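Asks: Task: produce atomic coordinates for the following.
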Amino acid sequence: MAQLYFYYSAMNAGKSTSLLQSAYNYREQGMSPVLFTAAIDTRSAVGKISSRIGIESDAEVFYSDTDLFTATQTLQSHRSIDCVLVDEAQFLSRLQVDQLAQVVDQLNIPVLCFGIRTDFKGELFSGSERLLAIADKLSEIKTICHCGKKATMVIRLDHDGLVVLEGDKISVGGNERYQSMCRKHFTQLVNETAALRKSVKLR
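Replies: A predicted model of the protein is given here:
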């Protein structure tokens, strides 16, 4: 039976690498995967999934209003689909996650979603929240903090390398904008930054 999977982590844990490896494994067995990625992520190119270790693949693009069930059905009418792989799954809407669940339940196609669990404020992305609620299987892809402990949080940096405490929930970037940390060092850095900015305002 097909299932809905959610592979989640902090930044720089190798999510895209894992997705591309999964796609390769399907193709090696003579099967046909479909890859989706968010249109908002233009770090490499629109319609490309790229890994930090240098591998990449073309992908279908989803927008905020893309019906992923209908899109998959349309693709299926032209060719066989053995699996759907979704990169940057945190950018999915709740409705789109439900549409992917329909792909699993009605089309009997397994769906593997890869994404970040929380934003730079330590709050869940809407797509990740819904996946955590309804996915059949959850799997954490681990990365580490600078202290060596497991990193579960992400901080956002401005162009001067300073910690950002406020701003839009979604702001696409790589290593120059984000760092993964354990909860202890995330909390410590956020509190220190907030205290520093408060003291500057009081002067």
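
Asks: Mean confidence (pLDDT) on stretch 1-18, please.
Replies: The average pLDDT within stretch 1-18 is 92.

Asks: Mind listing what's buried along it?
Replies: Neighbour-count burial for stretch 1-18 flags 2, 4-18 (criterion: 16 or more other Cβ atoms under 10 Å). The C-beta positions use only the backbone N, C-alpha and C, and glycine is treated the same way.

Asks: now the end-to-end length of that stretch.
Replies: One end of stretch 1-18 to the other measures 22 Å (Cα to Cα, to the nearest Å).

Asks: Now find how far off-centre it is within its chain.
Replies: Centre-to-centre, stretch 1-18 and its host chain are 8 Å apart (Cα atoms, centre = their mean, to the nearest Å).

Asks: what does stretch 92-110 give?
Replies: In terms of Cα atoms, centre = their mean, the centre of stretch 92-110 is set 16 Å apart from its chain centre.

Asks: again, but for stretch 59-73
Replies: With Cα atoms, centre = their mean, you get 16 Å for stretch 59-73.

Asks: Show residues contacting it.
Replies: Contact with stretch 59-73 is made by 34-39, 46-49, 75, 81, 84, 86-87, 92-93, 96, 99-100, 102-103, 106-107, 109, as judged by Cβ atoms under 8 Å, 6 or more residues apart in numbering.

Asks: and the biggest helix by length in the chain, what does it pack onto?
Replies: Longest helix in the chain, counting residues (DSSP state H): helix 183-202. When contacts are defined as 3 or more Cβ pairs under 8 Å, 6 or more residues apart in numbering; DSSP states H and E, helix 183-202 packs onto strand 153-157, strand 163-164.

Asks: same thing but 6 Å
Replies: Helices and strands touching helix 183-202, by 3 or more Cβ pairs under 6 Å, 6 or more residues apart in numbering; DSSP states H and E: there are none.

Asks: hey, where'd the strands end up in this protein?
Replies: Assigned by DSSP state E, the strands in the chain fall at 4-9, 33-38, 48-50, 56-58, 60-62, 83-86, 111-116, 137-140, 143-144, 150-151, 153-157, 163-164, 178-181.

Asks: Output the below-cut-off pLDDT ranges for the protein.
Replies: Applying pLDDT under 70 to the chain flags the ranges 42-45, 169-176, 200-203.

Asks: sorry, back to before: which among the contacts of stretch 59-73 count as buried?
Replies: Neighbour-count burial (16+ other Cβ under 10 Å) applied to the contacts of stretch 59-73 gives 34-38, 48-49, 75, 81, 84, 86-87, 92-93, 96, 99-100, 102-103, 107, 109.

Asks: hang on, the earlier thing: would you reformat the strands of the chain as TSV and include distance to Thr70?
Replies: Output for these, formatted as TSV (distance: least, Cβ to Cβ, whole Å):
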stretch	distance to Thr70
strand 4-9	17
strand 33-38	13
strand 48-50	22
strand 56-58	21
strand 60-62	11
strand 83-86	13
strand 111-116	15
strand 137-140	25
strand 143-144	35
strand 150-151	37
strand 153-157	32
strand 163-164	37
strand 178-181	33
